[in-house]
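> give the three-dimensional model of this entry:
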Amino acid sequence: MLVLGIETSCDETGLAIYDSENGLLADELHSQIAVHQDYGGVVPELASRDHADRLLPLLKKLLESANKKLDDIDLVAYTAGPGLKGCLLVGSTFARSLAYVIDKPIISVNHVEAHLLAPFMEYEDLSFPFFGLLISGGHTMIIDAKSIGDYEIMGETLDDAVGEAFDKSAKLMGLDYPGGPLIEKLAKEGKHGRYKFPRPILNKPNCDFSFSGLKTHIMLTWKDSDKTEQVKKDISLELQNSVTDCLTGKLKRAHEIKGYPRIIISGGVSANQFIREKLNSFASSINAKAYYPTKKYCTDNGAMIAYAGYKKFEAGQIYDLDGEVKPRWPLDQLA
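This next block holds a predicted model:
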């Protein structure tokens with residue numbers, strides 16, 4: 001079965017073709033960083049327009065790369081939520097139009113579930129159940145993944161997501177958007193021990209997160225500093241330390257409850273090598289194994305949508321929202 005995946009939930013336009021027998025055949029991705037950089041964040045209207053401009057050229061390029069024709073596609077999978085409504089509608093309309101033209105079935109995919117399933121494309125020893133840690137610009141949550149389509153949210157952020165905290169902290173220090181990669185780069189030259197930031201709600205007896213207070217602390221630290229490049233590096237290092245302590249602390253609590261030996265870490269922030277190394281060490285300490293997507297598939301992409309669409313179709317979990325999208329589509333309310 002050949003599955004076409006279409007991703008337009010936020011600021012990346014992604015398309016891919018997944019072959020149920022041979023794996024991923026081709027994928028194309030267009031990032032909108034240049035579109036939004038001057039604004040310091042994603043502008044929904046501009047994002048929707050850019051998706052509309054990019055989808056057809058990317059599809060043509062994708063089919064050429066895979067050496068396939070549109071009629072070869074057996075299933076069209078698209079992101080129906082969560083995400084920005086206008087962006088989701090662009091992808092939904094495009095997907096439904098294609099499915100109608102080639103008279104093939106269509107399946108709605110939950111963006112968060114697709115992130116969770118992405119590592120299955122690469123790891124043969126990966127299976128349910130597992131812990132999912134989704135860390136991105138829009139989400140931070142710990143998930144009890146029992147089986148495909150069956151998820152329980154054990155904890156999530158009460159305010160800012162991890163990636164949002166990175167981007168906002170970077171902006172406070174005058175860094176460009178997106179700030180996450182710049183924070184990671186600066187942190188490599190940071191001095192340990194210069195700053196000590198709070199670990200918000202780390203000691204609360206739950207699996208939830210909070211990062212807005214951390215952002216405020218950084219704002220005050222930057223305001224009272226001499227604002228040198230070294231200060232940026234030192235703040236970036238301690239920001240990563242604080243975030244990682246929060247992530248591992250809450251994962252430890254989740255492990256005490258469920259005890260799964262597998263942890264999938266996905267989402268854009270999971271590409272951060274510092275965070276990966278810390279989470280790998282933590283996983284080893286509890287006799288668990290951490291799994292990540294290849295870095296190019298940590299951020300939003302069509303490959304994970306195509307794969308998730310195939311697995312959902314295979315499991316008979318076919319959601320057809322009839323053109324509707326769900327900007328807020330909780331992972332534990334898929335059906």
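> ranges for the strands of the stretch 151-300 of the chain?
262-266, 289-291 (DSSP state E, counting those that start in this stretch).
> return the most buried member of these.
With neighbours taken as mean count of other CB atoms under 10 Å, the strands of the stretch 151-300 of the chain reach their highest mean count in strand 262-266, at a mean of 24. Every C-beta, even on glycine, is put in place using the N, C-alpha and C of the backbone.
> and it, what does it pack against?
helix 111-117, strand 130-135, helix 273-285, strand 289-291 (3 or more CB pairs under 8 Å, 6 or more residues apart in numbering; DSSP states H and E).
> okay, these in a markdown table with distance to Leu75 and mean pLDDT next?
A markdown table is the format used below for the helices and strands packed on strand 262-266 (distance: least, CB to CB, whole Å; pLDDT from 0 to 100):
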| stretch | distance to Leu75 | mean pLDDT |
| --- | --- | --- |
| helix 111-117 | 14 | 98 |
| strand 130-135 | 24 | 98 |
| helix 273-285 | 33 | 98 |
| strand 289-291 | 26 | 98 |
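> can you put these in CSV and add distance to Gln240?
Converted to CSV, those look like this (distance: least, CB to CB, whole Å):
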stretch, distance to Gln240
helix 111-117, 21
strand 130-135, 12
helix 273-285, 5
strand 289-291, 17
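> what's the closest of those to Lys250?
strand 130-135 (8.7 Å; CB to CB).
> what bridges to the spatially closest residue to Lys312 that is not a sequence neighbour?
Excluding its sequence neighbours, the residue lying closest to Lys312 (CB to CB, 6 or more residues apart in numbering) is Ile107, at 6.0 Å. With DSSP bridges applied, Ile107 shows beta-bridge pairing to Ala77.
> and Ile107, how far is that from His115?
Separation of Ile107 from His115 (CB to CB, to the nearest Å): 17 Å.
> which of these two has more neighbours?
Higher neighbour count among Ile107 and His115: His115, with 31 against 24, using other CB atoms under 10 Å.
> now that one: closest residue in space, sequence neighbours ignored.
Per CB to CB, 6+ apart, closest to His115 is Ser266, 4.3 Å.
> could you check the pLDDT of the one you found?
Ser266 is assigned a pLDDT of 98 by the prediction.
> so where does Leu24 fall, helix or strand?
Assigned by DSSP states H and E, Leu24 belongs to strand 23-31.
> break the chain into its domains for me.
2-117+297-314, 127-292 (automatic domain parsing).
> out of the helices and strands packed on strand 262-266, which is closest to Glu256?
strand 130-135 (11.6 Å).
> on contacts alone, who are the packing partners of that closest one?
helix 111-117, strand 140-147, helix 229-258, strand 262-266.
> if you compare these, which one is most tucked away?
helix 111-117 (a mean of 27).
> from the middle of its chain, how far away would it be?
8 Å (CA atoms, centre = their mean, to the nearest Å).
> so where is the stretch 101-250 of the chain shaky, pLDDT-wise?
Across the stretch 101-250 of the chain, nothing is flagged by pLDDT under 70.
> Ile183: how many residues sit nearby?
Counted with other CB under 10 Å, Ile183 comes out at 27.
> how far away is it from Leu237?
Taking CB to CB, one finds Ile183 at 9 Å from Leu237.
> re the thing from before, the strand holding Leu24 pairs with which strands, and in what direction?
strand 12-19 (antiparallel).
> if we can go back for a sec, okay, and the beta partners of the residue nearest to His115?
Leu134.
> tell me the contacts of it?
Contacts were defined as CB atoms under 8 Å, 6 or more residues apart in numbering; by that measure Ser266 touches 115-116, 118-119, 132-135, 292-293, 298.
> would you list those residues in TSV and tack on distance to Ala80?
Conversion of those to TSV gives the following (distance: CB to CB, whole Å):
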residue	distance to Ala80
His115	14
Leu116	16
Ala118	17
Pro119	22
Gly132	19
Leu133	23
Leu134	17
Ile135	22
Tyr292	25
Pro293	21
Cys298	21
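> for those, which single residue is the most surrounded?
Of all the contacts of Ser266, the highest neighbour tally under other CB under 10 Å goes to His115, namely 31 neighbours.
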